[in-house]
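Novice: Sequence first, then the predicted structure:
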Amino acid sequence: MEKEIAYRTAANIFVGDVIRSEHFIWGRSWLGPVTVGYAGPKEDREDNEFAETDHDDSRSSACFVVEEADFKGGSFTQCRPDGKYVLARRLHDDGTYDPDGKLVEFWMSNHSPCIEQVELLKAMRRKIVFE
C-alpha cells in the first residue's frame, strides 16, 4: 500500500514543517534568499531587472524546513490583502538540519508568483542548546 501524500497550503503551513515542491526549480536571487515559484527564466526577469536567474533542478527533490511562515506584504493603498510568506532552509541530503543550507522564500497566497501548495514530508522541532 502506497503512502498517501500530504500537502500544506497557506492555511496550514507551520514553522518546522519539512517540505518540498517541484516549483522550487526556478527562482531569482539578489541580496538574500532565492525567491522561488517562477515558471521559467523569462518570467523570472519581469519583476526585478537586477535579479539573477537561479535555476537548480535539485531543489525540486530537496527537503526544506520552514523557518518562517507569516501573513504580510499587503497594501492598503492598492487594496491588496496580506499574503502567506514562507522562508525555508535546505536540509542536508540525509534530512538533517544544515545551518548553512540555502534559503528559499515564496508566497502561498495573494502574491505573484504564488505556490499554492507544497508537499509535507514530516515535521521537525527546534532545540535550543545553551553551552
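Specialist: Received it, and whenever you're ready, just let me know what you need.
Novice: Torsion angles phi and psi at D57?
Specialist: The phi/psi pair for D57 (degrees, to the nearest 10) reads phi -60, psi -30.
Novice: Number of residues surrounding the nearest residue to it once chain neighbours are set aside?
Specialist: Spatial nearest neighbour of D57, excluding adjacent residues (Cβ to Cβ, 6 or more residues apart in numbering): I25 at 5.8 Å. In this view, the C-beta of every residue, glycine as well, is placed from N, C-alpha and C. Neighbourhood size, I25 [other Cβ atoms under 10 Å]: 19.
Novice: which residues touch I25?
Specialist: I25 makes contact with 36, 55-57, 59-60, according to Cβ atoms under 8 Å, 6 or more residues apart in numbering.
Novice: Any chance of CSV for the residues you listed, columns pLDDT, secondary structure and distance to I19?
Specialist: As requested, these are exported to CSV (pLDDT from 0 to 100; DSSP: H, G, I helix; E, B strand; the rest coil; distance: Cβ to Cβ, whole Å):
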residue, pLDDT, secondary structure, distance to I19
V36, 92, strand, 11
H55, 86, strand, 20
D56, 91, coil, 16
D57, 93, helix, 17
R59, 95, helix, 11
S60, 94, helix, 12
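Novice: which of the residues you listed has the most neighbours?
Specialist: Of all these, V36 has the most neighbours under the rule other Cβ under 10 Å, reaching 27 neighbours.
Novice: Who are the contact partners of that one?
Specialist: Contacts for V36 (Cβ under 8 Å, 6+ apart) come out as 21, 23-27, 59, 104-106, 115.
Novice: Distance check, it against S109.
Specialist: V36 sits 15 Å away from S109, going by Cβ to Cβ, to the nearest Å.
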